[in-house]
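Trainee: Predicted model, plus sequence, below.
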Amino acid sequence: MNKLFPIILFFIIGGANFVNAQHTIQHVQTLQGDPKVYTAKKISQEIEIDGKMEAIWNNAPWSSEFMDIEGVHKTKPKYQTQFKMLWDEANLYIYAKLEEPHIWGTLKQHDAIIYHDNDFEIFIKPKLSSPVYYEIEINALNTVMDLLMPKPYRFGGQAVMHWDTKNIKSAVHVYGTLNNPNDIDSYWAVEMAIPFTSLGNFGGNPTPKVNSYWRINFSRVQWQHDIINQNYIRKKENGKIIEEDNWVWSPIGLINMHYPEKWGFLKFADDDLQSALPVYYNIEKTAWNIHYLQQLYKNKHQYYTADLKLLEGFSSYVEKNLSKYDIQITLSADMKFYHILLKEKGKNYYFTIDSHGNYTTNYE
């Protein structure tokens, strides 16, 4: 284990000036968009899960339309996708509408690789202080793939495929005809009831508190297709399957859904449906920006730095927020590991992150 020595830096913001034209800084720029927020209303009646939008769903607003996973600068999705959410003491309810002139699906086995069909995907991270999150995918045949991620792939996480969303209810209703290439369809709708107990930790109350937040995002994988012998297949070009479109609710900035710190927020409300980012969002974003820039610095120098002003992009992505926080940096003797603590001035709130992407917070 490397010996650690602490370097404590409390910054007085100055006029550091950096050039941001390098490709690596452009990559960091793609991750700067603020996430979207959806406020879900609490209800007192259970919803029948049949894929049809019954009257209770009038209590829920439609989400904004999905866009390309890389952001608004990319081509607008060809077909509209939106969702609604509600909740009660037991379940998170989701209703999604996916416009589609050709509704098809082939995969029928639970935990098949569902995104090889056109699919709808839900990514849920209930606890800010835990790296654990969940992924649920569903196709037009109502075939579900679900998994648990202990942490993102880029930090060494491996999907736990034998995990299942216990007692989940799901249904798909097709407004058109499924797997029939001879007509034009309208849309397919997904409806789910996800039990809080299936996502909860042992010994804790799994039901969210009013005005609490989860990280959440939704993705739609859309393939170009050919019709051969009256069957839909993924379209090929020069012998290779054409890459899918990835349409999402809250854009990531790059083609990778496994950046949970870039997902949107779900706010659990009672009657007040106003939406706003949680109070801890800014400190979390600042900490992650430091992490991104430290990785770029190490790629160039083979070690990390305790002086954040040396980070390329410091003035653009970090400096403007540091006046709000006290900062403590701990660097290993070989400078190949760091730990950073951001503490909100005048308050007890903090957020920590290290070079392995491990983080903690006391905001929850």
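Mentor: Thanks, I have it. Numbers count the residues shown, from 1 in each chain.

Trainee: Please confirm that Ile124 is located within a strand.
Mentor: Yes: using DSSP: H, G, I helix; E, B strand; the rest coil, the secondary structure at Ile124 is a strand.

Trainee: helix/strand/coil for the closest residue to it other than its chain neighbours?
Mentor: In space, not counting the residues next to it along the chain, Ile124 is nearest to Tyr134; the distance is 4.7 Å by C-beta to C-beta, 6 or more residues apart in numbering. C-beta coordinates here come from the backbone N, C-alpha and C atoms, glycine included. Of the three states, Tyr134 takes strand according to three-state DSSP.

Trainee: now Asn205: how far from Pro126?
Mentor: Between Asn205 and Pro126 the distance is 12 Å, computed by C-beta to C-beta, to the nearest Å.

Trainee: Looking at those two, which has the bigger crowd around it?
Mentor: Neighbours were counted for Asn205 and for Pro126 using other C-beta atoms under 10 Å; Pro126 has more, 22 against 10.

Trainee: The more buried one against Leu199, yeah?
Mentor: Yes: using C-beta atoms under 8 Å, Pro126 is in contact with Leu199, at 5.4 Å.

Trainee: residue ranges with poor pLDDT in the stretch 101-250 of the chain?
Mentor: Screening the stretch 101-250 of the chain residue by residue with the criterion pLDDT under 70, one finds the ranges 201-204.

Trainee: Go again with 80.
Mentor: 201-205 (pLDDT under 80).

Trainee: just the strands in it please.
Mentor: Counting by DSSP state E, counting those that start in this stretch, the stretch 101-250 of the chain has these strands, from start to end: 119-125, 133-138, 144-149, 169-175, 187-195, 213-222, 225-228, 231-234, 236-237, 240-241, 245-248.

Trainee: how about the ones you listed, which one is nearest Thr106?
Mentor: For the strands of the stretch 101-250 of the chain, distance to Thr106 was read as C-beta to C-beta. The smallest value, 7.5 Å, belongs to strand 231-234.

Trainee: Neighbouring strands - and their directions - for that closest one?
Mentor: strand 225-228 (antiparallel) (DSSP bridges).

Trainee: can you list contacts of the partner strand?
Mentor: His102, Trp104, Pro181, Tyr232, Ile233, Arg234, Lys235, Lys236 (C-beta atoms under 8 Å, 6 or more residues apart in numbering).

Trainee: before we move on, what about stretch 84-92?
Mentor: Residues from elsewhere that reach stretch 84-92, judged by C-beta under 8 Å, 6+ apart: 38, 40-47, 56-57, 59-63, 93-96, 124, 192-197, 207-208, 266, 268.

Trainee: Now, of these, which are buried?
Mentor: With burial judged by 16 or more other C-beta atoms under 10 Å, the buried subset of the contacts of stretch 84-92 is 38, 40-41, 43, 47, 57, 60, 63, 93-96, 124, 192-196, 207-208, 266, 268.

Trainee: pretty sure Ala171 contacts Ile47?
Mentor: No: contact status for Ala171 versus Ile47: not in contact, 10.5 Å apart, counting by C-beta under 8 Å.

Trainee: what do those two both touch?
Mentor: Where contact means C-beta under 8 Å, 6+ apart, the residues bridging Ala171 and Ile47 through contact with each are Glu191.

Trainee: distance of Glu137 from Gly156?
Mentor: On the measure of C-beta to C-beta, Glu137 and Gly156 end up 22 Å apart.

Trainee: meant to ask about Val190, not that
Mentor: Summarising the geometry, the distance separating Val190 from Gly156, computed by C-beta to C-beta, is 32 Å.

Trainee: So which of the two has more stuff around it?
Mentor: Neighbour comparison, Val190 and Gly156: the larger count goes to Val190, with 23 against 10 (by other C-beta under 10 Å).
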